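J.: please find the sequence and the predicted model below.
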Amino acid sequence: MLDAEFFRRWLLLSADLIDRDAAHLTELDSAIGDADHGSNLQRGFTAVRTALEQESPATPGAVLMLAGRRLISTVGGASGPLYGTLLRRTGKELGESTEVSPGELGEALRAGVAAVAQLGGAKAGDKTMLDSLEPAVAALDDSSASFGAAREAAAKGTLATVPLVARKGRASYLGERSAGHEDPGAASSALIIAALADTSEA
Ligand code: ADP
Ligand code: MG
Ligand code: MG
């Protein structure tokens, strides 16, 4: 079973991985966007880290909802409301339970990813974070071993964005010229899913 402390560790590790890869994420965004994805997420996850140091939400749902609110209030770009929605919706799905099973988390994440698709009007194949998130949540079943499968699916989905033409977000302004580059949001989603798998294995 996964408790509030597990979710706290997942988000803190996500913040660490984003710090580590911030320059790379910004470089990806400089090719097909406005060169701010790494700094946007670094600002957002630094605020999440601070919030989790100052407050100790008692349930998994409350941890995710706190983090989601911080992302929405600190990240200016498109990714802030999208990741904020992912975490808030997933947290809401988990309700008031003090512990949740891997299967319950998988179900909640599927609802969170569906909310991202609805907010952004994007679907798999549009060269966005959904190309990483959708295969990741599809790989989740009721075992914690599936977090490792989700990490692999997200990494594969991220690489698969390279040949795609962007149909949503700033990269879509480039039209055909967006092909040949990895989507920055798919890459950051793969980090967050990798942090989940790493936390479950620690
Ligand atoms: P901005 O483009 O506003 O500068 P970021 O650079 O932080 O914001 O985030 C860009 C990423 O957000 C893209 O690489 C893409 O994965 C994701 N994204 C942008 N628009 C959408 C959308 N409508 N639906 C899903 N993801 C999107
Ligand atoms: Mg950007
Ligand atoms: Mg921007």
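T.: That came in fine, so what should we check first? Ligands and ions are numbered 1, 2, ... in the order given.
J.: buried residues in stretch 107-122?
T.: Within stretch 107-122, the residues scored as buried using 16 or more other CB atoms under 10 Å are E107, A108, L109, R110, G112, V113, A114, A115, V116, A117, G120, A122. For glycine as for every other residue, the C-beta is placed from the backbone atoms N, C-alpha and C.
J.: one more: stretch 80-99?
T.: Buried, per 16+ other CB under 10 Å, within stretch 80-99: 80-94.
J.: residues touching S39, list them.
T.: S39 makes contacts with A22, T26, as judged by CB atoms under 8 Å, 6 or more residues apart in numbering.
J.: mind checking what secondary structure it has?
T.: Three-state assignment for S39 (DSSP: H, G, I helix; E, B strand; the rest coil): helix.
J.: roughly how far apart are it and ligand 2?
T.: Going from S39 to ligand 2 by CB to the ion, to the nearest Å gives 9 Å.
J.: got it, and E5?
T.: Remark: distance between E5 and ligand 2 (CB to the ion) = 33 Å.
J.: near ligand 1, from the buried residues of stretch 80-99?
T.: Residues of the buried residues of stretch 80-99 in contact with ligand 1 (CB under 6 Å from any ligand atom): L82.
J.: I'd like to know which of the buried residues of stretch 80-99 are part of helices.
T.: Using DSSP state H, 80-94 are the members of the buried residues of stretch 80-99 that sit in helices.
J.: grab the nearest non-local neighbour of the most centrally placed residue in the chain.
T.: Most central in the chain under CA atoms, centre = their mean is S189, positioned 4.0 Å from the mean C-alpha point. Nearest non-adjacent residue to S189, counting by CB to CB, 6 or more residues apart in numbering: S132, 3.9 Å away.
J.: would that neighbour count as being in a helix?
T.: Yes: assessed by three-state DSSP, S132 belongs to a helix.
J.: which pair of the buried residues of stretch 80-99 spans the longest distance?
T.: Greatest spatial distance in the buried residues of stretch 80-99: G80 and L94, 21.4 Å, computed using CB to CB.
J.: so A124 touches D131, yeah?
T.: Yes: between A124 and D131 there is a contact under CB atoms under 8 Å: 5.7 Å.
J.: show me what contacts G180?
T.: Counting by CB under 8 Å, 6+ apart, G180 makes contact with V162, P163.
J.: can I assume it sits in a strand?
T.: No: under three-state DSSP, G180 sits outside any strand and is assigned coil.
J.: picking up where we left off before, could you report the pLDDT at the residue nearest to the centre of the chain?
T.: Per-residue pLDDT puts S189 at 98.
J.: now do the SS call for it.
T.: helix.
J.: neighbouring contacts of stretch 95-112?
T.: 1-4, 58-61, 85-87, 89-91, 93-94, 136-137, 140-144, 146-147, 200.
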